[in-house]
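[1] with the input below, show me the fold.
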Amino acid sequence: VSKLLNIYSLEYSGQAEDGAQIIKSLRGNRSVLEIGYDVPATYRNTSPNDEFFNDQWNLERIQLPQVWEETTGGLTADGDQIVIAVLEKGIELDHPDILENIWRNEEEIPNNGRDDDNNGYTDDYFGLNLDDRTDNHPVLSHGTQVSGIIGARTNNIIGMAGINWDAKILFLSGVDLSSEVIEAYEYLYNLRKKYNETNGREGAFVVVNNNSFGWDNTRPEELRMGTELCEMYNL
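    Numbering: from 1, shown residues only. Coordinates of the predicted model:
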């Protein structure tokens, strides 16, 4: 690309995982200062065409259009699909402004009555409902609103603009008890662990989770479960 600056373009036509291994190897070479994919430039549109964007004054207040000049969410610089977990009571899963951004468990064949990915849950294709161990979530407004704020499909003419335009929402419902919170965390931990161990071929790149709940009538020093969970799962 530029011999003057010692910047070179390398072509590779093999498997994607082999290419990633080559990059990892070159990063360990002291003669190489930096290496990465030659990705196409994407011109930003900081004024989404979503129907209600002009009413979302709060996005301008927190300077999100300036953030969108740098990234609109979705993929990391290394091409990992960002997944944000939402623990709620329910969601309108087929909402037209959310459905495209709902995470799908591609290792699971939906509605075949089998645990295809051997994670202990049957047909958890659209996330997991901890009440009945399915991916059928109750239709409730709060979880839909939370998911929309986090990751409604943006620049699609309809609805509102999400903070992350293309991030995936991994939804877990039926999280009512402390024991279910632990189970939900473990579900997310195992997905991320599998992703790390398989170099992204399986699992999910879960980066953060949102919880719209707490524990009443309890002092912080008395409730250690949240701290212990974070320590357990390195969160």
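[2] what's near enough to touch the spatially most central residue of the chain?
    Central residue of the chain (C-alpha atoms, centre = their mean): Val83, 1.0 Å from the mean position. By C-beta atoms under 8 Å, 6 or more residues apart in numbering, the residues touching Val83 are Trp103, Ala167, Lys168, Ile169, Leu170, Leu191, Ala204, Phe205, Val206, Val207. In short, each C-beta sits where N, CA and C put it, glycine included.
[3] can you check Phe213 too?
    Per C-beta under 8 Å, 6+ apart, neighbours of Phe213: Leu87, Val175.
[4] in which helix or strand would I find it?
    Applying DSSP states H and E as the criterion places Phe213 outside every helix and strand.
[5] again with Val86
    Counting by DSSP H and E, Val86 is found in strand 82-87.
[6] got the CA coordinates for that strand in CSV?
    C-alpha atoms of strand 82-87 as CSV (Å, rounded to 0.1, in the frame of the first residue of the first chain):
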residue,chain,number,x,y,z
ILE,A,82,-21.7,-7.8,19.4
VAL,A,83,-24.4,-9.4,21.6
ILE,A,84,-26.2,-7.6,24.4
ALA,A,85,-28.2,-9.7,26.8
VAL,A,86,-31.4,-8.4,28.3
LEU,A,87,-33.0,-10.0,31.4
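[7] using TSV, lay out the contacts of Val83 together with neighbour count, distance to Val67 and pLDDT.
    Output for those, formatted as TSV (neighbours: other C-beta atoms under 10 Å; distance: C-beta to C-beta, whole Å; pLDDT from 0 to 100):
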residue	neighbour count	distance to Val67	pLDDT
Trp103	22	22	96
Ala167	22	13	94
Lys168	21	19	96
Ile169	27	19	96
Leu170	23	22	97
Leu191	23	27	96
Ala204	24	24	96
Phe205	18	20	96
Val206	22	21	96
Val207	13	16	95
